[in-house]
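Student: give me the fold of what follows.
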Amino acid sequence: MRLGGRLCPVANEFLDLPIKVSDLVSKELNVHGVRASTRNDQRIVTELVEKRRVRVPIHAMFPLSEIAAAHRLLDGGEIVGRIVLHPWDV
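Tutor: Numbers count the residues shown, from 1 in each chain. Got it, this is the predicted structure:
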């Protein structure tokens, strides 16, 4: 993640993320969570996204191991949408 980037963990399971507190501090990362919603609200939103009723433009997806390639893409500019990093190589 770039300096000052945002980490937005979203899941229905409680899985460990491969991130250290020192990474959060040294890179000045912000962690955004969900508040004022119930598990049912989160389930409904997830289902809407899965059914493509809510769309988030994604420019590219990378496993976390390819973060340098994602940064090169960002540095090049001219992207439309988000770049998604998967914490686990998929």
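Student: thought Val80 was touching His59?
Tutor: Yes: the pair Val80 / His59 is scored as a contact, 5.9 Å apart, by Cβ atoms under 8 Å. Glycine gets a C-beta too; all of them are placed from N, C-alpha and C.
Student: please identify which of these two sits among more neighbours.
Tutor: The residue with more neighbours, out of Val80 and His59, is His59; 14 against 7, by other Cβ atoms under 10 Å.
Student: next, that one: phi, psi?
Tutor: phi -80, psi -40 (degrees, to the nearest 10).
Student: which residue packs closest to it, ignoring adjacent ones?
Tutor: Spatially, and ignoring its direct neighbours in sequence, His59 is nearest to Gly81 (3.9 Å; Cβ to Cβ, 6 or more residues apart in numbering).
Student: and the one you found, how many neighbours?
Tutor: Count around Gly81 with other Cβ under 10 Å applied: 11.
Student: for it, which residues are in contact?
Tutor: Val56, Pro57, Ile58, His59 (Cβ atoms under 8 Å, 6 or more residues apart in numbering).
Student: try it again with 10 Å
Tutor: Arg55, Val56, Pro57, Ile58, His59, Ala60 (Cβ atoms under 10 Å, 6 or more residues apart in numbering).
Student: repeat that for Glu78.
Tutor: His59.
Student: mind checking pLDDT for it?
Tutor: What the model reports for Glu78 is a pLDDT of 81.
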